[in-house]
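A.B. asks: With the input below, show me the fold.
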Amino acid sequence: MFGIYRKILTTGVLTEKFARKKRATQQVALESRETGIDELGKKLQATIDKRFAGSLHIRQVDAGSCNGCELEIHALNNVYYDIERFGVHFVASPRHADVLLVTGPVSRNMEAALRRTYEATANPKWVIAVGDCGACGGEFGVSYASCGAVANVIPVDAVVPGCPPTPLDLMRGILDLFSC
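C.D. replies: Predicted structure coming up:
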């Protein structure tokens with residue numbers, strides 16, 4: 001035990017010096033990003049309050065994606081973005097949803113399920129195609145296993161491009177759909 005303490009004392013500190021200037025720059029970038037989230041969230045909340053009496057319910061449907069978009073959608077609910085504080089809630093049933101958030105190219109196996117989910121959603125309903133795959137089929141396109149874009153199966157009201165789109169892009173896409 002004393003050998004370890006002797007080695008620690010004779011070796012000294014081996015880590016690099018802390019760069020305060022770099023840390024301050026990162027802090028400013030973080031603060032500006034947080035204000036961007038808050039500003040966008042307040043606009044989203046005002047739109048939701050006006051059009052939906054305070055809460056918007058979204059049902060997320062994976063129609064055959066690689067799960068990249070799902071990870072970004074799940075990030076909307078983490079403590080950093082916390083989209084629920086702005087009145088957006090994810091629900092488990094399409095019968096409770098106002099909006100369908102569809103990711104991925106629609107696989108042939110999910111085509112009938114996506115149509116049934118769309119039909120089960122109460123009117124008025126909106127559909128947002130998320131990611132490049134949802135928008136145009138991405139690299140998969142139309143094939144024996146894929147119907148391609150979400151718009152090839154059900155009507156789409158808005159598209160959030162990106163592979164995958166960031167949580168802020170998703171918030172902007174929801175806001176753009178209802179800010180007409």
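
A.B. asks: how much space between the most centrally placed residue in the chain and Asn123?
C.D. replies: By C-alpha atoms, centre = their mean, the chain has its centre lying nearest to Ile73, at 2.8 Å. Separation of Ile73 from Asn123 (C-beta to C-beta, to the nearest Å): 24 Å. The C-beta positions use only the backbone N, C-alpha and C, and glycine is treated the same way.

A.B. asks: ditto for Cys66
C.D. replies: To Asn123, Cys66 is 32 Å away according to C-beta to C-beta.

A.B. asks: Neighbour count: the two, which is higher?
C.D. replies: Using other C-beta atoms under 10 Å, the more surrounded residue of Cys66 and Asn123 is Cys66, with 18 against 4.

A.B. asks: Looking at per-residue confidence, what score does that one get?
C.D. replies: pLDDT recorded at Cys66 is 88.

A.B. asks: thought it was touching Thr103?
C.D. replies: No: the criterion here is C-beta atoms under 8 Å, and Cys66 misses it with Thr103 at 9.1 Å.

A.B. asks: between these two, what contacts are shared?
C.D. replies: Counting by C-beta atoms under 8 Å, 6 or more residues apart in numbering, the common neighbours of Cys66 and Thr103 are Cys133.

A.B. asks: ok, which stretches of the chain are strands?
C.D. replies: Using DSSP state E, the strands of the chain run over residues 56-62, 88-90, 99-103, 106-107, 126-130, 146-148, 158-160.

A.B. asks: from those strands, which stretch is densest packed?
C.D. replies: Greatest average neighbour count among those goes to strand 99-103 (a mean of 27), per mean count of other C-beta atoms under 10 Å.

A.B. asks: would CSV of the strands of the chain with distance to Glu119 and mean pLDDT be doable?
C.D. replies: As requested, the strands of the chain are exported to CSV (distance: least, C-beta to C-beta, whole Å; pLDDT from 0 to 100):
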stretch, distance to Glu119, mean pLDDT
strand 56-62, 13, 93
strand 88-90, 20, 91
strand 99-103, 11, 94
strand 106-107, 15, 91
strand 126-130, 12, 93
strand 146-148, 17, 88
strand 158-160, 20, 93
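
A.B. asks: wait, which of the ones you listed is closest to Met171?
C.D. replies: Nearest to Met171 among the strands of the chain is strand 88-90 (8.3 Å), distances taken as C-beta to C-beta.
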